[in-house]
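Asker: Below: sequence and its predicted model.
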Amino acid sequence: MRVESSGAEPLVPEVQGETVVTVGRGPLRTRVDGIWCGLRRVARTTTARAGRRVRTRWRSALSRAARMTGATVAAFVVAELVGLREPPPLIAALTALLVVQATLASTLVNGVQRVLSVVAGLPSPFCLCRSLG
């Protein structure tokens, strides 16, 4: 028994015992091939773009990673020196990761802003409780 499609050239035949079954390039197969080709193109361009970004920005990425690592380790060590040993002071390390910004100047500016916002925000509940009784 020989089965062939009416499409273009048949693909590699699949032999099953004495029977040769050949699958052609029908509309579904063409559509699936187009989708896979598009996905491969997207993966290729995304990978190439990421590679270019790493090649051009490796110094800033390395310095940011070092700054974040240093801040995390310093926060952990300071928390342990203060006496927070049980449970391990992971909150201090995670907070340091959240606070560290892209540049040292922005880290300092954001730190000052956060301290001032806490200082400004603390009296408001006390004033509200005092006025309401």
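Answerer: That came through, no problem. Numbering: from 1, shown residues only.

Asker: helix, strand or coil for residue 127?
Answerer: helix (DSSP: H, G, I helix; E, B strand; the rest coil).

Asker: Near it, how many other residues are there?
Answerer: By other C-beta atoms under 10 Å, 9 other residues sit near residue 127. Where you see a C-beta, it was placed from the backbone N, CA and C, and this is true even at glycine.

Asker: Okay, it and residue 116: tell me how far apart.
Answerer: 18 Å (C-beta to C-beta, to the nearest Å).

Asker: same check, this time on residue 89
Answerer: Counting by C-beta to C-beta, the gap from residue 89 to residue 116 is 25 Å.

Asker: higher neighbour count, the two?
Answerer: More crowded of residue 89 and residue 116, by other C-beta under 10 Å: residue 89, with 20 against 10.

Asker: Just give the nearest non-adjacent residue to the more buried one, would you?
Answerer: residue 79 (3.4 Å; C-beta to C-beta, 6 or more residues apart in numbering).

Asker: Any regions of the chain where pLDDT drops low?
Answerer: The model of the chain has pLDDT under 70 over residues 1-29, 102-103.

Asker: after the longest helix seen in it, next one along is what?
Answerer: Counting residues, the longest helix found in the chain (DSSP state H) is helix 27-82. With elements assigned by DSSP states H and E, the helix or strand that comes after helix 27-82 is helix 90-99.

Asker: distance of residue 55 from residue 48?
Answerer: 11 Å.

Asker: Is residue 80 in contact with residue 89, as I believe?
Answerer: Yes: at 6.1 Å, residue 80 counts as touching residue 89 under the criterion of C-beta atoms under 8 Å.
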